[in-house]
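**Q** Need a 3D model of the following:
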Amino acid sequence: MKKIAPKDITKLESLFVKSFRLLKSNPNKAGLMILFDALFLVSAFGLQILFRYIAQSLNISIAMPKTTATAFAYITFSLLYYLIVLFVYSFFKYCVLDFIKSLYEKAEFSFKRLGQFYSLNLIIAGIFFAAMIALNFLLASIKPNYQPFVFIFLAVPYALFLYIIINISHSLFYGGALIKDSIKNSFKITFTKIKIYRETILIMILSALVLWLLFFGSGYVIRLIASRNYNLYLNAYAYFKQASIIVFDIAFYLVILINRVSFYAAIREIK
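**A** Predicted coordinates:
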């Protein structure tokens, strides 16, 4: 039997496995990526609390305003909040992309293109917000009985395309592309070169499915074991539910973390 050279083994490895091994061999950079993602979540949560406090101080109702003046204040306040959150997201994602780039080559970090990166995210948000409004109009024209099924049918591909466009456009931009080229080529790659990112998306979907089946099966086992003792069942299920959410979030985040590297690696190969 002919032996496979180490070089050939590397070629046979999936993009996901390569990305995982690359992160594993660079624990400091992987840790920084996780840290910056955590800092974004903390910042977003802090901004939510801050804006909610300001809204209450200014007597701006979260509910739909009734007068023109309150409606204008509500829209302005909400727009300001989302613009700031998007900037915070852009800041931390920009830093994470630098860590990813440094896995492949030496690069000097600079905030020189942060403003352009924020503009890129604004454009993407505008495009998908317009698409969401169009889908809402479509959903409103359907009979209420069918709306939940149509919503799932529309929401799943919408979320997947948003996820793909964001990762591809960000990888292209941080690889040196202009804003216009990043957006144009991200849509082009998304709809014409599915093979490039197919494995990455399938792994994410399969991971979510496996985790769901695992938790569903574990919940069923708990119900069988503790079904005769209702109090025991309630306590066990409460702890299980909390643990399931934590484990699912961590596992799914790790898949997304590896996928970021996979997207960047895939874009580097086709450039």
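**Q** and the residue most central in space within the chain, what is it in contact with?
**A** The centre of the chain sits closest to residue 163, judged by C-alpha atoms, centre = their mean, with a distance of 6.1 Å. Residue 163 makes contact with residue 201 under the criterion C-beta atoms under 8 Å, 6 or more residues apart in numbering. For glycine as for every other residue, the C-beta is placed from the backbone atoms N, C-alpha and C.
**Q** and the next element down the chain from the helix or strand encompassing it?
**A** In this structure, residue 163 sits in helix 147-174 according to DSSP states H and E. Downstream of helix 147-174, the next assigned helix or strand under DSSP H and E is helix 179-192.
**Q** List the buried residues for that following helix?
**A** By neighbour count on 16 or more other C-beta atoms under 10 Å, the buried set for helix 179-192 is 179, 182, 183, 185, 186, 187, 189, 190.
**Q** Count the residues that sit near residue 57.
**A** Residues lying near residue 57 (other C-beta atoms under 10 Å) number 8.
**Q** Could you check how far it is from residue 97?
**A** 37 Å (C-beta to C-beta, to the nearest Å).
**Q** Then residue 260?
**A** 8 Å.
**Q** With residue 158 instead?
**A** Note on residue 158: its distance to residue 97, by C-beta to C-beta, is 24 Å.
**Q** now do residue 109
**A** Distance from residue 109 to residue 97, by C-beta to C-beta: 10 Å.
**Q** So which of these two has more stuff around it?
**A** Using other C-beta under 10 Å as the criterion, residue 109 and residue 97 rank with residue 97 on top: 19 against 11.
**Q** Thought residue 167 was touching the more buried one, still the case?
**A** No: using C-beta atoms under 8 Å, residue 97 makes no contact with residue 167, being 10.1 Å away.
**Q** Pull out the buried positions in stretch 24-40.
**A** 26, 29, 30, 32, 33, 36, 37, 40.
**Q** What lies in contact with that stretch?
**A** Stretch 24-40 is touched from outside by 23, 88-89, 92-93, 95-96, 99-100, 102-103, 253, 257, 260, with contacts defined as C-beta under 8 Å, 6+ apart.
**Q** Would you mind putting those residues into a markdown table with distance to residue 142 alongside?
**A** Shown next, in a markdown table, are these (distance: C-beta to C-beta, whole Å):
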| residue | distance to residue 142 |
| --- | --- |
| 23 | 44 |
| 88 | 36 |
| 89 | 32 |
| 92 | 38 |
| 93 | 35 |
| 95 | 42 |
| 96 | 39 |
| 99 | 44 |
| 100 | 41 |
| 102 | 48 |
| 103 | 46 |
| 253 | 34 |
| 257 | 37 |
| 260 | 36 |
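**Q** now the residues you listed: which count as buried?
**A** Among these, those scoring as buried are 23, 88, 89, 92, 93, 95, 96, 99, 100, 103, 257, 260 (criterion: 16+ other C-beta under 10 Å).
**Q** got a pLDDT number for residue 16?
**A** pLDDT for residue 16: 88.
**Q** Check the contact between it and residue 260; I expect there is one.
**A** No: at 11.4 Å, residue 16 does not count as touching residue 260 under the criterion of C-beta under 8 Å.
**Q** re earlier: take the contacts of stretch 24-40 and keep only those in helices.
**A** 23, 88-89, 92-93, 95-96, 99-100, 102, 253, 257, 260 (DSSP state H).
**Q** These: which two are farthest apart?
**A** Put simply, by C-beta to C-beta the two of the ones in helices among the contacts of stretch 24-40 set farthest apart are 23 and 88, 24.1 Å from each other.
**Q** what residues go with each domain of this structure?
**A** According to automatic domain parsing, the chain comprises the domains 25-111, 113-192, 194-271.
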